[in-house]
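A.B. asks: Dropping the sequence and predicted coords here.
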Amino acid sequence: MTVRTLIVTVAAAALLAACATHEVDFQGEGEGVVGQGAPVHAVIETPPVGLPGQDAADDPAVWASAAPVSIKGASVDAFVAGTDKKAGLYIYGLDGAILQFLPEGLLNNVDVAEGLSVGGRPQVVFGASDRTPGKTGIALYLFDPAGTGDNGVRPWGNVTTDVVEPYGFCFARRGAELHAILVGHEGELRQFVLTVGADGQPSARLVRTTEIGSISEGCAADEATDTIYIAEENVGVWRYDLDPASGATRTLIQPIAPGVLVADAEGLTVLADGAARYLIGSSQGDSTFPVWRIDGATPEYKGRFVVQQGAIDGVTGTDGLDALGGRVSARFPEGVVVVQDDVNDVGNQNFKYIDWRDIRTALGL
């Protein structure tokens, strides 16, 4: 190795460490700034995440089963994965209680998918953007829905990338393929096809490399229309074709606009409600959640909701969110939306659960 190469390598490592461990972030990004929207209330919340004053909680993912499953000795219908971007991954029950914690490092966004088998057993796969120095890329985890006893979410492997600071992440199924989409802090977009190797370990094939333009994070797939939605924080929400051959081609479906989407544009999620499908975003700049119906020819803006103070405190400055329509549990028979709360009234940041029926009624959907 030459001296020049050594200097460049050391500089790159220093930049990565600075991005991942010393980023300028804080609580209160949306505190005191709440825009107009239809009011709803959270019905369940998780314990605080991280140490006091830390910007730690970031993004959730919801998974549900048609029959009860066993996780760490508990029988549940569904559970929520939530990232602590300073420390690892939490697994919560639908009552908000912690079922498991994996001290996996600097995980930012998380998503969940089905469709892969390992050792002949169908698995639930979790993926998270990983900013931990030395394993920057995508961290992968498995859960065996047929497992018993001390069954839990377990580490599976990593996908390394050229992205210096992985930020947003989402899965998407395309035919028989499972795609993993990584969004970098500076607007990089990388798309992989994820498979299982002969050794049972993950294998990833890079199928698209393009640039979004500037700082981006939120990522959500609508498999029914073969599309991906990505939030460029100070620009708006883009729609891409999931087909990697489409390259950089995209459509701006919602620019940053007062009263609709206020920068920063953050998390995105898609919820299916019968034949209808909705894209839900986080308008972090005014602590609201815009909703678009996306099963038609073009996305149709349907309004915004705000999570106000009720039995549980209100929600501000949301980073990540996730939603699942249909029966999730007896408590959420028609769907649930889970959001990160930047300023929690008791302790540090946490995640809050909202009944989809309340949102649907509030917006007249």
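C.D. replies: Looks like it arrived, so ask away. Residues are numbered from 1 along each chain as shown.
A.B. asks: Pretty sure Ile138 sits against Gly127.
C.D. replies: Yes. Applying C-beta atoms under 8 Å as the test, Ile138 and Gly127 come out as touching, 5.5 Å apart. C-beta: built from backbone N, CA, C; applies to glycine.
A.B. asks: what touches both of those two?
C.D. replies: Counting by C-beta atoms under 8 Å, 6 or more residues apart in numbering, the residues touching both Ile138 and Gly127 are 169, 180.
A.B. asks: Please tell me the pLDDT value assigned to Asp345.
C.D. replies: In the predicted model, Asp345 carries a pLDDT score of 87.
A.B. asks: Tell me if it really is in a helix.
C.D. replies: No. Counting by DSSP: H, G, I helix; E, B strand; the rest coil, Asp345 is not found in a helix; it is coil.
A.B. asks: Could you look up the SS state of the nearest residue to Ser246 once chain neighbours are set aside?
C.D. replies: Distances taken as C-beta to C-beta, 6 or more residues apart in numbering place Tyr240 nearest to Ser246, at 6.8 Å, with adjacent residues excluded. Assigned by three-state DSSP, the conformation of Tyr240 is strand.
A.B. asks: For Tyr240, give me its contacts.
C.D. replies: For Tyr240, the contact set (C-beta under 8 Å, 6+ apart) comprises 189, 227-230, 246, 249-250.
A.B. asks: Dig out what it forms beta bridges with.
C.D. replies: As for beta bridges, Tyr240 partners with Ile228, Arg250 under DSSP bridges.
A.B. asks: Kindly report the same for Leu116.
C.D. replies: When assigned by DSSP bridges, Leu116 has beta-bridge partners Gln123.
A.B. asks: Distance of it relative to Pro202?
C.D. replies: According to C-beta to C-beta, to the nearest Å, Leu116 stands 9 Å off from Pro202.
A.B. asks: joint contacts of these two?
C.D. replies: What both Leu116 and Pro202 touch, as defined by C-beta under 8 Å, 6+ apart, is the set 194-196.
A.B. asks: what about Leu365, how many neighbours?
C.D. replies: Applying other C-beta atoms under 10 Å, we find 14 residues neighbouring Leu365.
A.B. asks: which one is it nearest to, not counting chain neighbours?
C.D. replies: Lys302 (6.2 Å).
A.B. asks: quick one, what contacts that neighbour?
C.D. replies: Listed by C-beta under 8 Å, 6+ apart, the contact set of Lys302 reads 278, 291-293, 363, 365.
A.B. asks: Which among those count as buried?
C.D. replies: 278, 291-293, 363 (16 or more other C-beta atoms under 10 Å).
A.B. asks: Out of these, which sit inside helices?
C.D. replies: Leu363 (DSSP state H).
A.B. asks: farthest-separated two in the buried ones among the contacts of Lys302?
C.D. replies: Of all pairs drawn from the buried ones among the contacts of Lys302, the greatest distance, 11.1 Å, lies between Trp292 and Leu363 (C-beta to C-beta).
A.B. asks: which stretches of the protein form helices?
C.D. replies: Assigned by DSSP H, the helices in the chain fall at 3-21, 356-363.
A.B. asks: Neighbour count: Leu116 and Pro202, which is higher?
C.D. replies: Taking other C-beta under 10 Å, Leu116 and Pro202 do not tie; Pro202 has more neighbours (22 against 17).
A.B. asks: Lowest-scoring secondary structure element of the chain by mean pLDDT?
C.D. replies: Least confident helix or strand of the chain, by mean pLDDT, DSSP states H and E, is helix 3-21 with a mean of 37.
A.B. asks: What segments of the stretch 101-250 of the chain are strands?
C.D. replies: Remark: strands assigned in the stretch 101-250 of the chain by DSSP state E, counting those that start in this stretch are 107-118, 121-130, 137-143, 154-160, 166-174, 177-184, 188-196, 202-211, 216-222, 227-232, 236-241, 250-255.
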